[in-house]
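1. Mind folding the following:
(one chain, ligands or ions: 2)
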Amino acid sequence: MSTVDEPDGGREPTKANDEVRAAMVAHHAGLVAGLDELVGRAEEEVASGSDAGGELKAVVSYLDREVLPHAAAEEASLYGLARRAGLDPLVQAMVGEHAWLRGQTAALVGKVGVRGVSQARALAAVFALHAGKENDLILPELAARPEVDLGAVLSAMQSQLSQGPEGRGTPREAARSSS
Ligand SMILES: [Fe+2]
Ligand SMILES: [Fe+2]
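-> Ligands and ions are numbered 1, 2, ... in the order given. So this is what the prediction gives:
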């Protein structure tokens, strides 16, 4: 049972942590929506008789530029914090999902047609579930810990991402540059 004397007695997030948590959830929503938009475009192309090669290339480009660097940045900062907060089994599973996403992205390179689009849709669905677990199971747990500085974690992730490949863009830009 918690008492007011326990440092971890309350499970309400600090205001600063909760603002960062909300920003991270919003970023996930943007990534999920961006991927969904590009996969949806590939689905429309295939439905109209095209092989959707350009649209699938745009999906791979978006994964390479946005989703996989985000996953790597999490592994370098957020996940370590989550392990230290006692979430090690969950983090192990999440790292496994990152590996699956990397493998499926590589497998999507050069794919066309219904089969390629189906693979892309499966990948997008798994990524949406994965981001949901971070939103619901990892971020609230960390935000509720007064000893955790989620803002510092976000800064570390942004710093790592800023050192990534140049020319990272929106889904629309990705589609344009690869079509
Ligand atoms: Fe992740
Ligand atoms: Fe994430």
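2. Quick one: list the elements packing against the helix of greatest length in the chain.
-> Longest helix in the chain by number of residues (criterion: DSSP state H): helix 15-47. Helices and strands touching helix 15-47, by 3 or more Cβ pairs under 8 Å, 6 or more residues apart in numbering; DSSP states H and E, are helix 53-62, helix 113-133, helix 139-143, helix 150-162, helix 171-178. All C-beta atoms are positioned from the backbone trio N, CA, C, and that covers glycine.
3. Contacts for the third one, please.
-> So that's helix 139-143. Outside helix 139-143, the residues that touch it by Cβ atoms under 8 Å, 6 or more residues apart in numbering are 13-14, 17-18, 20-21, 24-25, 78, 81-82, 85, 87, 148, 150, 153.
4. What of the fourth one?
-> Contact partners of helix 150-162, identified using Cβ under 8 Å, 6+ apart, comprise 16-17, 20-21, 23-24, 69-70, 72-74, 76-78, 81, 139, 142-143.
5. Buried subset of the residues you listed as a ChimeraX selection?
-> Those of the contacts of helix 150-162 that count as buried under 16 or more other Cβ atoms under 10 Å are selected in ChimeraX with:
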select :17,20,21,24,69,70,73,74,77,78,81,139,142,143
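6. Run through the residues of the protein sitting next to ligand 1.
-> 71, 74 (Cβ under 5 Å from the ion).
7. remind me which residues of the chain are low pLDDT?
-> Scanning the chain for pLDDT under 70 picks out 1-11, 13, 165-179.
8. give me that answer again for 50
-> The chain contains residues with pLDDT under 50 at 1-9, 166-179.
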